[in-house]
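> This is a predicted model, with the sequence first.
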Amino acid sequence: MSPQSPHDKVADAVHEGRPADAQLVRQGRSGRRILLLLIVSAGAAAVLLLGLWAATNGRFADLEPSRAEKAAEAQTFDQEPTATAPVTAAPAR
């Protein structure tokens, strides 16, 4: 008697109406190649994101005003507000 292939075992189970073993019917095979591919692709994605962050980090830092600029802008609001337009009396009703 020759050894049965996994396909033959599953086909026999289907024809007999009994459940097939999950190990025999899954599409992919487990192995080191799949794990290696997953690790390499995750590492490549991390390197790509880190590279994009490093390339654009300087541009975003230039958009943020410095502490001195923030302090100068805030001093404008330290004084009492003054009217910049002539104030007219409200019409009487």
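The structure has been received and is ready for your questions.
> Poorly predicted segments of the chain, please.
Residue ranges of the chain with pLDDT under 70: 1-2, 27-31, 61, 92-93.
> what helix or strand does the spatially most central residue of it sit in?
The chain has L49 as the residue nearest its centroid, 9.4 Å off, counting by CA atoms, centre = their mean. Here L49 sits within helix 32-63, counting by DSSP states H and E.
> Equivalent analysis for T82, please.
Assigned by DSSP H and E, T82 falls outside every helix and strand.
> Tell me the spacing between it and A90.
For T82, the distance to A90 equals 20 Å [CB to CB, to the nearest Å]. Where you see a C-beta, it was placed from the backbone N, CA and C, and this is true even at glycine.
> now swap in H7 and tell me
For H7, the distance to A90 - CB to CB - is 92 Å.
> Tell me which of those two has more neighbours.
H7 (10 against 6; other CB atoms under 10 Å).
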